[in-house]
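Peer 1: Make a model of this:
(3 chains)
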Amino acid sequence: MPLALVWFRQDLRLDDNPALHEALEQGYAPVPVYVHAPEEESGWAPGGASRAWLHRSLQALDADLRARGSRLLLRNGPTGPALSALLRETGADAIFWNRKYEPATQPRDAALKREWREQGLVAESFNGALLFEPWELATQQGGPYKVFTPFWRNALGRLRVPAPQAVPATLPSVAETFASEDLDALGLAARPAWDSGFWDKWHAGEAGAHEALEVFLDGALHGYRSDRDRPDRVGTSLLSPHLHFGEIAPWRVVGALEQVRTAANAADVDAYLRELGWREFAYHLLHHFPATTTANLNPRFEHFEWAPGDDRQLQAWRHGLTGVPIVDAGMRELWATGYMHNRVRMIVGSWLTKHMRQHWLHGARWFWDTLVDADLANNTLGWQWVAGTGADASPYFRVFNPVTQAQKFDPAATYISRWVPELQALPVAARFAPWLHAELARRLAPSYPRAPMVDLAQGRDAALAAYKRSAPAESR
DNA sequence: AGGAGCTTAGA
DNA sequence: CTAAGCTCC
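Peer 2: Numbering: from 1, shown residues only, chains lettered A, B, ... in the order given. Okay, the predicted model is just below:
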């Protein structure tokens, strides 16, 4: 049986894995391999939380492969030489993989494909990650979309769920002579184990992804349309890290949703599909506007007056010590669990970029290091959206008021109280803005900051003024 | 995927 | 006086 390398990256699953499936379909014995080459991500090497997740996901993938008689080879980069060497060592005739779309690695992968094909090898790549690849959808003028709603309307009209590609119960074995790095030697796991608080919440790997999907279908899907905005409830799918690492295919999620769709839950199903749509839109934008990982998409912000980088202020934001309870709750949830509720991401992002007027990249970099679901496309879209610099962004003048947001979406302050226990002795109504109850706060919450690091009204006004100054002359 | 400030309808 | 609606930022 001829051998084919199956090169795993962000498709850490066996089920519904096009590259693996195609290798088997074409009669090859797959040799699964993962190449560790973080420095090739051009400034976006996986952050700490991502690496911790990756460690576990690779462990799970190897275990799943071994349960079927195969195993995962680990190699150190650089990627091209590592894979070419493995092709020679194994005598494989072919290499299959699922595409990645990040601007740093996509050209590299395309060049490798050409190179291997010139050497007479079979080199094929597939879509393992998206409902629509970034170039599949275009406006009537043939250009990229910059507004979500028409993008998603087009996508929904073309959406088809492929039949699942099951993985065989047994796979050909991988010869013991093919060497592999030790997983621990890749240095992905957290040392010391600062991530110990993560794993009550998460089960990395393919089995964990399917568990999370089942839990979502049985629970948060019902009422998703409104509860997804409620950080005090389990109102979201918690699928984002699983989708990022490709532990489940997005079309599998769509298929499962369509299976359970009823007249009663149709609005909830559609609301969740729309969120998957934002993920698709993020990849579309990243592909067409690759500079936006660091540069504003909207050129109006080229000369925007961000406040000078302020390490002391940034540290307060990162550590959840801003004096704004909902902001601090979110930042502490992030640090403790590797995750933050999406509504709260918008609130902390608005606080950083509007009230503090710090450049959104400060936020993007921190999220990149701390989120288990850190994803270059989603992170870029999210930060540019909240900063007002991106596609389909809220206009810059939309400044979230963190007090009214908390009152609206965490009405009993249970989320705030969970993550900011210093406030627990205060009456609920005072926990949203303790500085408005100074006497009570001094007695009952003495260890919490006396006042927000930036006055809410002043911060808002200063942000709006800066926006006005950056406006093109004709629109002032 | 907003908020503030003002107006207006209605208790 | 409060709540909902509207407008502009």
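
Peer 1: The residue in the stretch 201-350 of chain A positioned nearest to DNA strand B: what's it in contact with?
Peer 2: Relative to DNA strand B, the nearest point of the stretch 201-350 of chain A is A:Trp278 (4.1 Å; CB to the nearest atom of the strand). C-betas here are computed from N, CA, C, even on glycine. Taking CB atoms under 8 Å, 6 or more residues apart in numbering, we find A:Trp278 in contact with A:Phe148, A:Asn378, A:Leu381.

Peer 1: tally of neighbours for the first one?
Peer 2: Counted by other CB atoms under 10 Å, the residues lying close to A:Phe148 total 21.

Peer 1: how close does the nearest residue to it once chain neighbours are set aside sit to DNA strand B?
Peer 2: Nearest residue to A:Phe148, sequence neighbours excluded (CB to CB, 6 or more residues apart in numbering): A:Asp392, at 4.7 Å. For A:Asp392, the distance to DNA strand B (CB to the nearest atom of the strand, to the nearest Å) stands at 7 Å.

Peer 1: Kindly state the neighbouring-residue count (a burial measure) for A:Asp392.
Peer 2: 18.

Peer 1: Validate this expectation: it resides in a helix.
Peer 2: No - using DSSP: H, G, I helix; E, B strand; the rest coil, the assignment for A:Asp392 is coil, not a helix.

Peer 1: thought it was touching A:Gly382?
Peer 2: No - with contacts counted by CB atoms under 8 Å, A:Asp392 stays clear of A:Gly382, the gap being 11.9 Å.

Peer 1: Please, where are all the strands along chain A?
Peer 2: Remark: strands assigned in chain A by DSSP state E are A:3-8, A:29-36, A:73-76, A:94-98, A:122-126.

Peer 1: Most tightly packed of these?
Peer 2: Burial of those is given as mean neighbour count (mean count of other CB atoms under 10 Å); strand A:3-8 ranks first at a mean of 26.

Peer 1: Adjacent strands (with direction) for that one?
Peer 2: strand A:29-36 (parallel), strand A:94-98 (parallel) (DSSP bridges).

Peer 1: Okay, angle between the shortest one and strand A:122-126 too, please.
Peer 2: Comparing the axes of strand A:94-98 and strand A:122-126 via axes from the mean of the first three to the mean of the last three CA atoms, to 10 degrees yields an angle of 10 degrees.

Peer 1: One more: the first one?
Peer 2: For strand A:29-36 and strand A:122-126, the angle between their directions (the same axes, to 10 degrees) works out to 70 degrees.

Peer 1: who's in contact with strand A:29-36?
Peer 2: Taking CB under 8 Å, 6+ apart as the rule, strand A:29-36 contacts A:1-9, A:20, A:23-24, A:58, A:61, A:65, A:70-77, A:79, A:82-83, A:86, A:90, A:92, A:96, A:171-172, A:174, A:178, A:181, A:186, A:188.

Peer 1: For PyMOL, what selects the buried ones among those residues?
Peer 2: Under the burial definition 16 or more other CB atoms under 10 Å, those of the contacts of strand A:29-36 that qualify are selected in PyMOL by:
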select buried, chain A and resi 3+4+5+6+7+8+9+20+23+24+58+61+65+70+71+72+73+74+75+79+82+83+86+90+92+96+171+172+174+186+188
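
Peer 1: Which among the strands of chain A is found nearest to A:Ala316?
Peer 2: strand A:29-36 (34.8 Å; CB to CB).

Peer 1: and that closest one, how far from the chain's centre?
Peer 2: Centroid separation for strand A:29-36 versus its chain: 24 Å, with CA atoms, centre = their mean, to the nearest Å.

Peer 1: quick check: mean pLDDT across it?
Peer 2: Strand A:29-36 shows a mean pLDDT of 98 in the predicted model.

Peer 1: before we move on, back to that, pipe the strands paired with strand A:3-8 into CSV and attach distance to A:Ala406 per row.
Peer 2: Formatted as CSV, these follow (distance: least, CB to CB, whole Å):
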stretch, distance to A:Ala406
strand A:29-36, 41
strand A:94-98, 41
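
Peer 1: To A:Val348, which of these lies closest?
Peer 2: Using CB to CB, the nearest of the strands paired with strand A:3-8 to A:Val348 is strand A:29-36, at 31.6 Å.

Peer 1: Only C-alpha atoms, please: export the closest one in CSV.
Peer 2: Taking C-alpha atoms only, strand A:29-36 is exported to CSV below (Å, rounded to 0.1, in the frame of the first residue of the first chain):
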residue,chain,number,x,y,z
ALA,A,29,-1.9,4.3,4.0
PRO,A,30,-1.9,7.6,5.9
VAL,A,31,1.1,8.7,7.9
PRO,A,32,-0.3,11.4,10.2
VAL,A,33,2.1,14.2,11.0
TYR,A,34,2.0,17.5,12.8
VAL,A,35,4.9,20.1,12.3
HIS,A,36,5.7,22.5,15.1
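
Peer 1: Can you pull the domain assignment for chain A?
Peer 2: Domain segmentation of chain A under automatic domain parsing yields A:3-128, A:130-164+A:206-288, A:299-475.

Peer 1: Would you format the ones you listed as a markdown table with distance to A:Ala193 included?
Peer 2: As requested, the domains of chain A are arranged in a markdown table below (distance: least, CB to CB, whole Å):
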| stretch | distance to A:Ala193 |
| --- | --- |
| domain A:3-128 | 9 |
| domain A:130-164+A:206-288 | 18 |
| domain A:299-475 | 13 |
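
Peer 1: Show me where the stretch 201-350 of chain A has its helices.
Peer 2: A:206-218, A:224-227, A:240-244, A:250-260, A:266-288, A:311-318, A:325-337, A:342-350 (DSSP state H, counting those that start in this stretch).

Peer 1: can you give me the helices for the stretch 51-200 of chain A?
Peer 2: Secondary structure of the stretch 51-200 of chain A (DSSP H, counting those that start in this stretch): helices at A:79-90, A:106-118, A:148-158.

Peer 1: Any stretches of chain A with poor pLDDT?
Peer 2: Scanning chain A for pLDDT under 70 picks out A:471-476.

Peer 1: interface residues of the stretch 151-300 of chain A facing DNA strand B?
Peer 2: With CB under 7 Å from any atom of the strand as the criterion, the stretch 151-300 of chain A meets DNA strand B at residues A:Glu275, A:Trp278.

Peer 1: May I have the residues that are in contact with A:Leu217?
Peer 2: By CB under 8 Å, 6+ apart, the residues touching A:Leu217 are A:Ala256, A:Leu257, A:Val260.

Peer 1: What of A:Ala430?
Peer 2: A:Leu423, A:Leu436, A:His437, A:Leu440, A:Ala441.

Peer 1: ok, which residues in chain A are in contact with DNA strand C?
Peer 2: Contact residues, chain A versus DNA strand C (CB under 7 Å from any atom of the strand): A:Pro395, A:Phe397, A:Leu464, A:Lys468.
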